[in-house]
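Peer 1: here is my input; please provide its structure:
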Amino acid sequence: MARTVSTWERESVTMESAGTIASHAEALVAYRLRGKEEAILLLCSRVDMSGEEAAMLGDLARGQVDWREIVASAAVHRVLPLLHANLKKHLPEAIPHDLSAEIRERVLHNGMSNLALLGILIDVVALLRQNGIEVLSFKGPVLAEEVYGNIGLRAFSDLDLLVARHDLPRVVTLLLGHGFRLEIDLSEEQYQKLAERNHHAVMIRDGVPVELHWELSGRYFSRGVYFEALSGRAERLTLSGQQLLTLGGEDLLIYLCVHGCRHHWEQLDAVCCVAEFVKRRTVLDWDLLWRLAGEMGATHMVALGLSLAESMLAVQLPREARERVASFPRLGKLAEEVAERMLAQRTSQTPAMGYWQFVAFHRRVMERRWDWLLYCSKPLWNPTHSDWLSLRLPASLSALYYLLRPLRLLRKYGRKAWGRISSAGNG
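Peer 2: Coordinates of the predicted model:
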């Protein structure tokens, strides 16, 4: 039975102890130790500022500031709408007029795009309900409303739905009959097999991808996270007069932290979502949350997400969260490394994490060695779209792609290695 959440009340958070006050003050002091541009970006990556934070922003904005670097970084980290809202409120005259107009135009376009995506989401959910299929909506406009209270304050470009695995074939067929197409050029029968063997399917209409997940974590763990378990804790959220089912609060916070780890916390937006959700949802069943995270093998990931929200965005964590985060002695160093790597990404051309960095990072955040081995070896054996397109097998023979994948990799990288050896020999 879904819990109904009619409003998302923003309550003031009382500082529960000297520890909370200290951690908040330390985070603000740390801003001053950063470069001006970095500090301004962090201060503006929130919905509301305290008086102390607004005063610090004003101090930092004096003198020489590279506003174009700040705007570029905000775009890369998908927090440009938040930056715009805070500058408009606290420093309306601080940035050059032409740059201000450019930001305003980009944010307006983002808002219009978000409204269009919300319309598609409502249409898709209505279609599925008419056919007796219930879905959980998450990310996209639903997440923007849940964490920011305003779908225009978050940048997103796709929609995500969680369905029961046995419903996925019907959902794909229904959407194909209503103007959607498959993401790659396969027959419907082949694509149904691909979606069944992976954790999701992607349907596209008018350039908008709708991701249909039947497992929430993206096969991050050996034990899956399925619709049937999550629907019992689901909540109802009203958007544009339509009720949508979405993840329960505890499940959503776990998901945000797991999703951040899956993507190595590359973007500040991921930390903002955790931070604003903790601020807005002042009542959570923390015992349930930590139990669910433990069953999943995600306790370290949740602790890391909360630590980043506290250290980067000065969030005052509830006692139940703060005490658990403090129980991980090595977490502070990892959070520092993640934050530094994240903030070093100033352009979309920043090199992605290499494979061995990927392996090392996930070893530090994954609690179960088997989960880590399975996930980090997936690129070696799990078939990709390229494998399916390179040799079009009948759907009934799709299991053979698991043999094709390692052979294709051996051929590809074996040739490269042989070329390097030959070049060295000739040299």
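
Peer 1: just for the stretch 1-150 of the chain, where's the confidence low?
Peer 2: Within the stretch 1-150 of the chain, the segments meeting pLDDT under 70 span 1-33.

Peer 1: okay, strands next: where are they in it?
Peer 2: 3-4, 136-138 (DSSP state E, counting those that start in this stretch).

Peer 1: pretty sure L136 is touching R233, no?
Peer 2: No. Using Cβ atoms under 8 Å, L136 makes no contact with R233, being 10.2 Å away. In this view, the C-beta of every residue, glycine as well, is placed from N, C-alpha and C.

Peer 1: so those two - more neighbours on which side?
Peer 2: Using other Cβ atoms under 10 Å as the criterion, L136 and R233 rank with L136 on top: 25 against 18.

Peer 1: count the residues that sit near E295.
Peer 2: Using other Cβ under 10 Å, E295 has 13 neighbouring residues.

Peer 1: for it, helix, strand, or coil?
Peer 2: helix (DSSP: H, G, I helix; E, B strand; the rest coil).

Peer 1: wait, what's in contact with it?
Peer 2: Going by Cβ atoms under 8 Å, 6 or more residues apart in numbering, E295 touches R223.

Peer 1: ok, it to A164 distance?
Peer 2: 20 Å (Cβ to Cβ, to the nearest Å).

Peer 1: S187 too?
Peer 2: S187 is 24 Å from A164, by Cβ to Cβ.

Peer 1: out of these two, which sits in the busier spot?
Peer 2: A164 (17 against 12).

Peer 1: where does that one land on pLDDT?
Peer 2: A164 is assigned 94 on the pLDDT scale.

Peer 1: leaving out chain neighbours, which residue sits closest to it?
Peer 2: F227 (4.5 Å; Cβ to Cβ, 6 or more residues apart in numbering).

Peer 1: so the one you found touches L162, yeah?
Peer 2: Yes. F227 is in contact with L162 according to Cβ under 8 Å; the separation is 5.3 Å.

Peer 1: before we move on, the earlier item: show me the contacts for the residue nearest to A164.
Peer 2: 136, 162-165, 214.

Peer 1: for these, which two are the farthest from each other?
Peer 2: L136 and R165 (13.2 Å; Cβ to Cβ).

Peer 1: make CSV out of the contacts of F227 and add secondary structure and distance to A201.
Peer 2: Shown next, in CSV, are the contacts of F227 (DSSP: H, G, I helix; E, B strand; the rest coil; distance: Cβ to Cβ, whole Å):
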residue, secondary structure, distance to A201
L136, strand, 15
L162, strand, 12
V163, coil, 9
A164, coil, 13
R165, helix, 11
W214, coil, 8
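
Peer 1: before we move on, back to that, quick check: neighbours shared by L136 and R233?
Peer 2: Common neighbours of L136 and R233 (Cβ under 8 Å, 6+ apart) are L247.

Peer 1: for the stretch 201-350 of the chain, which segments count as strands?
Peer 2: 208-213, 235-239, 242-246.

Peer 1: out of the ones you listed, the one nearest E323 is which?
Peer 2: strand 235-239 (26.1 Å).

Peer 1: please name every helix or strand in contact with the closest one.
Peer 2: Secondary-structure packing of strand 235-239 (3 or more Cβ pairs under 8 Å, 6 or more residues apart in numbering; DSSP states H and E): strand 3-4, helix 140-148, strand 242-246.

Peer 1: deepest-packed of the ones you listed, please.
Peer 2: Across the helices and strands packed on strand 235-239, averaging neighbours per residue (mean count of other Cβ atoms under 10 Å) puts helix 140-148 on top, at a mean of 24.

Peer 1: what's stretch 387-404 in contact with?
Peer 2: In contact with stretch 387-404 (Cβ under 8 Å, 6+ apart) are residues 184-187, 189-190, 192-194, 197, 381-383, 405, 408.

Peer 1: show the end-to-end separation of it, please.
Peer 2: Chord length of stretch 387-404, first to last residue, is 7 Å (Cα to Cα, to the nearest Å).

Peer 1: pull out the buried positions in that stretch.
Peer 2: Going by neighbour count (16 or more other Cβ atoms under 10 Å), the buried part of stretch 387-404 is 387-388, 398, 401.

Peer 1: correct me if wrong, but D160 is in a strand.
Peer 2: Yes. Per three-state DSSP, D160 lies within a strand segment.

Peer 1: so it touches V208, yeah?
Peer 2: No. Using Cβ under 8 Å, D160 is not in contact with V208; the gap is 11.8 Å.

Peer 1: what about those two, which has more around it?
Peer 2: The residue with more neighbours, out of D160 and V208, is D160; 21 against 18, by other Cβ under 10 Å.

Peer 1: next, count neighbours for the residue lying closest to that one once chain neighbours are set aside.
Peer 2: Nearest residue to D160, sequence neighbours excluded (Cβ to Cβ, 6+ apart): K139, at 4.2 Å. Neighbour count of K139, defined by other Cβ under 10 Å: 24.

Peer 1: name the residues of the helix or strand containing Q357 that are buried.
Peer 2: For Q357, the host element (DSSP states H and E) is helix 355-365. Within helix 355-365, the residues that qualify as buried are 361-362, 364-365, counting by 16+ other Cβ under 10 Å.

Peer 1: ok, now stretch 88-98?
Peer 2: Buried residues in stretch 88-98, counted by 16+ other Cβ under 10 Å: 90-91, 94-95.

Peer 1: so what sits against both of F227 and L162?
Peer 2: 136, 214.

Peer 1: for the longest helix along the chain, the distance to its chain's centre please.
Peer 2: Secondary structure of the chain read by DSSP state H shows that its longest helix is helix 97-130. Averaging C-alpha positions (Cα atoms, centre = their mean, to the nearest Å) puts helix 97-130 18 Å from its chain's average.

Peer 1: out of the buried residues of stretch 88-98, name the ones that lie in helices.
Peer 2: H90.

Peer 1: out of the buried residues of stretch 88-98, which is nearest to L288?
Peer 2: Each of the buried residues of stretch 88-98 was checked against L288 using Cβ to Cβ; the closest is H90, at 37.6 Å.

Peer 1: and the nearest residue to the closest one once chain neighbours are set aside, how far is that from V210?
Peer 2: Of all residues not flanking H90 in the chain, A54 sits nearest, at 5.2 Å (Cβ to Cβ, 6+ apart). In this view, A54 and V210 are 39 Å apart by Cβ to Cβ.

Peer 1: same drill for the two, tell me which one is more crowded.
Peer 2: A count of neighbours by other Cβ under 10 Å puts V210 above the other of A54 and V210, at 22 against 16.

Peer 1: what's the neighbour count on the nearest residue to L99 once chain neighbours are set aside?
Peer 2: In this structure, L99 finds its nearest non-sequential neighbour in W67, 5.7 Å apart by Cβ to Cβ, 6+ apart. For W67, the neighbour count with other Cβ under 10 Å is 17.
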